[in-house]
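Asker: sequence first, then the predicted structure, then my questions.
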Number of protein chains: 2
Amino acid sequence: MSAPVLARKPLDPALLAALRQRLGDRLSTSAAICEQHGKDESYHQPHAPDAVAFATSTEEVAAIVSLCAQYRTPVIPFGTGTSLEGHVAALKGGVCIDVSQMNRVLRVGVEDLDCTVEAGVTRKQLNEYLRDTGLFFPIDPGADASLGGMAATRASGTNAVRYGTMRENVLSLTVVLADGRVIHTSRRARKSAAGYDLTRLFVGSEGTLGVITEVTVRLYGIPESISSAVCAFPSIEDAVNTVILTIQSGIPVARIELLDEAQIDAINKYSKLDNPVAPTLFFEFHGTEAGAAEQVELVKEIAGEHGGNAFRWATTQEERSKLWQARHDAYYAALALRPGSKGWATDVCVPISRLAECIAETKRDLAQSPIPSALAGHVGDGNFHLIFMIDPNKPQEIAEASRLNDRMVERALAMEGTCTGEHGVGYGKLEFLHAEHGEALDVMRTIKQALDPDNIMNPGKIVRV
Amino acid sequence: MSAPVLARKPLDPALLAALRQRLGDRLSTSAAICEQHGKDESYHQPHAPDAVAFATSTEEVAAIVSLCAQYRTPVIPFGTGTSLEGHVAALKGGVCIDVSQMNRVLRVGVEDLDCTVEAGVTRKQLNEYLRDTGLFFPIDPGADASLGGMAATRASGTNAVRYGTMRENVLSLTVVLADGRVIHTSRRARKSAAGYDLTRLFVGSEGTLGVITEVTVRLYGIPESISSAVCAFPSIEDAVNTVILTIQSGIPVARIELLDEAQIDAINKYSKLDNPVAPTLFFEFHGTEAGAAEQVELVKEIAGEHGGNAFRWATTQEERSKLWQARHDAYYAALALRPGSKGWATDVCVPISRLAECIAETKRDLAQSPIPSALAGHVGDGNFHLIFMIDPNKPQEIAEASRLNDRMVERALAMEGTCTGEHGVGYGKLEFLHAEHGEALDVMRTIKQALDPDNIMNPGKIVRV
């Protein structure tokens, strides 16, 4: 998708000088660095910022934002650049604040099952750090994203069905506001009724209301028993209905992921696996030995009623890692099916009662289209993804992917669902927000204007001002 | 606590006439009705509104708010009047909107484990309605509050340790804004990354940003096995440490409630029970037969290590109801210890690692005070309550309760906790918000002013404008 046309003016030399004085060689205007920071992992057209500031502390981010505010210059936060809807594109130019050097784990509260990290800490880095504590951070969007970026985009992923999304797992944030002030969105208590929920307001705000510099998240004890399995089904309806019944039965599965036959074919080839090429569920069970075994029995019974009889188990840490790595590589595996193609990734989320119908209608659309595609999803949440493997040089392919995407979003909205379950809005899904929210979009715009009156915080994302 | 002095002007006769034309005898200006609607269950000084409008639909609430907006007249939403920090007091007069006649269950989604109700539906009414579906709504603040009020105050209660608070359990709200516009805060999908989290912004906003008219909440399958128990401990430290270890071990207890010896003495007398007069934990276990039994074994082991050896079980529905009714009557039971007294209820919440210390220091304060008091709490969340039984005619008792309350809040804040875990701000805790939030309170004020520029929505609560 091409970007909306936004006026872009060059950086004021006085601002540049002030930033350079403050940051020295941690300010870059090199074309390569700027280009790298204007693009994410999506098909969306990149837009390079005019400069990239590598910040090392909250105070420094505050100083940078204050300077940018003084010159009414856009500020775009950047973690690992793994967003999927053009979130980091500098549509109006400006200064990208790269927080990847803010990568310290500040505090682990083993007794409180929480920790505070700088925004640039990635989820794998955090779990590596936690290794000896018996605790882990479950949110897993696939990419090794930064916690700041995950908070900013309300990330979720494979474990959300059991552990929730960033919405449920962020306890508090440190945020630099559009005028450079620094706030802490809440205390560290597990719950509070003391005023507006600023934590949840900034989670999912995609840098449009402020720059997240520190994140306090919940942690969980590593379960006594973890086991994973894959199971193929005769049809996608059978697989989806297994998911629906599992969720409705209240079985606390840790992961329950759907891959369609195209996606299975792709990961078989990419990761050298031999899964039957059929709609398949990937499961993970967490619990005590007895509790996890009980979950397994219940799920096997439900799956068996839907033709899913052959569970293939991964019990060692190594086997499990291989299994989930294959799942996480689904995107790259799909692209490898059509060498030279580019991925157009999109997602929707619907109430689970509508999931089978939504997927079936979407698959019918795909079957009639010349563009290759693959479907995967965190179906326990009612959330699924499509990847279109398109030739970026063929405008008709882009148009066709866009048509299919529009139809899927309209279908999800008609089923009381949302235009994005977890990828976020960026500028890729901005046009759908009016259809989804109606008058409520005006409330979002009012909040944006109140907190960022000069529209310098990641302009052109979520709401158009 | 006396109210802040706010200018109060009489209702414009033209507004009154317009409201009467619209509502007929569902508009009341009778002194008795107005007085009843200006007070909640707290010790705070009541402030009667000038009129009470008994609304019957979202459209009607919108019409009332539009009229009030036209005359810049305060609007105060009212559910069951069971708030605890003066939330419903009409500090500047105005029109109270009583939603108790909006009491229809609009939709139950058995497959999606959710339902949509009008704001006046109470939690007991909803659970009665759900009786034949196998589902239940777990949030239980004690009082039979309305779902609208529970959403507005971010209620939690005894089950929150397992099922979360209203923050986690509201999926979507219908809200009438300060200018009479009606919005839906989100779709019904379990998760979404499509824009700012307006649902969470309105949950806990106490009527200061809009009037909640419909609530969509999560439901849960009634567990196969439910069992409750009480267990006395040699000291309050032993009881609290049992809670801390239980939570840190990740045991999914459904309820884990602390009552101190004063509170146990009170409920024994009030509910004709014979619990040992000692610090006591009330437990509830939900799960499959095997799962709940496993939880019980683990908790008994932890309790035993802390001197809690005698579990008294309530297994039948009737025994369980009696046990939890006694817990819920704690407030009235405490008051009955000192006939003619009035209750000053307050709560704080701290990270669980600080809970034992916070309770111990608070108990030392109480032991040195002439005012009788009792302590109870949802300690699995780090949340506990005090009730002071004061003689409302003795200013020195009010001053002493205020001093003890201030000290407890300051202690909780110093321990990274919050001034209220679940009672909310109203006007009773408003003065603590600057100490708790610092600059973030200005962000709350900015949002309030943006969404309610004339300050007509429950003025004088949460943030002073």
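Answerer: Everything's here; your move.
Asker: centre-most residue in chain A?
Answerer: Chain A has A:A155 as the residue nearest its centroid, 3.8 Å off, counting by C-alpha atoms, centre = their mean.
Asker: show me the contacts for it.
Answerer: Contact analysis of A:A155 by C-beta atoms under 8 Å, 6 or more residues apart in numbering or on different chains lists A:139, A:141, A:145, A:149, A:165-166, A:422, B:193. Quick note: C-beta positions are derived from backbone N, CA and C, even for glycine.
Asker: just the ones in helices from those residues, please.
Answerer: Of the positions in the contacts of A:A155, A:149, A:166 sit in helices, assigned by DSSP state H.
Asker: from the contacts of A:A155, list the buried ones, please.
Answerer: In terms of neighbour count (16 or more other C-beta atoms under 10 Å in any protein chain shown), the buried residues within the contacts of A:A155 are A:139, A:141, A:145, A:149, A:165-166, A:422, B:193.
Asker: dump the residues you listed to TSV, plus distance to B:Q21 and pLDDT.
Answerer: TSV is the format used below for the buried ones among the contacts of A:A155 (distance: C-beta to C-beta, whole Å; pLDDT from 0 to 100):
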residue	distance to B:Q21	pLDDT
A:I139	54	97
A:P141	55	93
A:A145	57	98
A:G149	54	98
A:T165	47	97
A:M166	49	98
A:E422	49	96
B:A193	45	98
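Asker: which one of those sits closest to A:D406?
Answerer: Taking C-beta to C-beta as the measure, A:D406 sits nearest to B:A193 out of those, at 18.2 Å.
Asker: wait, that closest one touches A:G421, no?
Answerer: Yes. With contact taken as C-beta atoms under 8 Å, B:A193 and A:G421 are classed as touching, separated by 6.5 Å.
Asker: between these two, what contacts are shared?
Answerer: Between them, B:A193 and A:G421 share these contacting residues under C-beta under 8 Å, 6+ apart: A:S156.
Asker: and what about A:T116, helix, strand or coil?
Answerer: strand (DSSP: H, G, I helix; E, B strand; the rest coil).
Asker: neighbours of it, just the number please.
Answerer: Other residues near A:T116 number 21, with proximity taken as other C-beta atoms under 10 Å in any protein chain shown.
Asker: phi, psi for the nearest residue to A:G180 once chain neighbours are set aside please.
Answerer: In this structure, A:G180 finds its nearest non-sequential neighbour in A:S66, 3.2 Å apart by C-beta to C-beta, 6 or more residues apart in numbering or on different chains. Comment: the main-chain dihedrals of A:S66 come out as phi -60, psi -40, following degrees, to the nearest 10.
Asker: go on, A:G428?
Answerer: With angles defined as degrees, to the nearest 10, A:G428 shows backbone torsions of phi -70, psi -30.
Asker: one more: A:I359?
Answerer: Dihedral angles of A:I359 (phi, psi; degrees, to the nearest 10) stand at phi -70, psi -40.
Asker: quick check, it in contact with A:L375.
Answerer: Yes. At 7.2 Å, A:I359 and A:L375 qualify as touching, with contact defined as C-beta under 8 Å.
Asker: which single residue in the stretch 251-400 of chain A comes nearest to chain B?
Answerer: Nearest residue of the stretch 251-400 of chain A to chain B, counting by C-beta to the nearest C-beta: A:S353, 3.8 Å away.
Asker: wait, the stretch 1-150 of chain A
Answerer: Distances from the stretch 1-150 of chain A to chain B, computed as C-beta to the nearest C-beta, single out A:E111 as the nearest residue at 3.8 Å.
Asker: count the neighbours of that residue for me.
Answerer: Neighbours around A:E111, by other C-beta under 10 Å: 15.
Asker: again with A:C419
Answerer: Using other C-beta under 10 Å, the number of residues around A:C419 comes to 31.
Asker: could you do the one 5 residues further on as well?
Answerer: Each residue near A:G424 was counted by other C-beta under 10 Å, and the total is 27.
Asker: ok, it touching A:G204?
Answerer: Yes. At 7.2 Å, A:G424 counts as touching A:G204 under the criterion of C-beta under 8 Å.
Asker: need the overlap of contacts for those two.
Answerer: Contact with both A:G424 and A:G204 is made by residues A:153-154, B:193, according to C-beta under 8 Å, 6+ apart.
Asker: now render those as CSV, adding distance to A:N405.
Answerer: Rendered in CSV, the data for those read as follows (distance: C-beta to C-beta, whole Å):
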residue, distance to A:N405
A:T153, 19
A:R154, 20
B:A193, 16
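Asker: how about the residues of the stretch 51-200 of chain A by chain B?
Answerer: For the stretch 51-200 of chain A, the residues found near chain B under the criterion C-beta under 8 Å from any C-beta of the partner chain are A:109, A:111-114, A:153-156, A:160, A:164-165, A:167-168, A:177, A:181-198, A:200.
Asker: now do 6 Å
Answerer: Residues of the stretch 51-200 of chain A found near chain B (C-beta under 6 Å from any C-beta of the partner chain) are A:111-112, A:154, A:156, A:165, A:181, A:183, A:187-198, A:200.
Asker: among the residues you listed, which ones are in helices?
Answerer: In this view, these that belong to helices under DSSP H are A:198, A:200.
Asker: out of the residues of the stretch 51-200 of chain A next to chain B, which end up buried?
Answerer: Buried residues within these, counting neighbours by 16+ other C-beta under 10 Å: A:112, A:154, A:156, A:165, A:181, A:183, A:187-198, A:200.
Asker: you'd agree A:T346 is in a strand?
Answerer: Yes. Inclusion of A:T346 in a strand is indicated when three-state DSSP is applied.
Asker: what residues are bridge-paired with A:M389?
Answerer: Here A:M389 shows beta-bridge partners A:G343, assigned using DSSP bridges.
Asker: and the strands in the stretch 301-450 of chain A?
Answerer: Per DSSP state E, counting those that start in this stretch, the stretch 301-450 of chain A has strands spanning A:311-314, A:342-349, A:373-378, A:383-390. These are given in chain order.
Asker: so what's A:K39 up against?
Answerer: Neighbour list for A:K39: A:P46 [criterion: C-beta atoms under 6 Å, 6 or more residues apart in numbering or on different chains].
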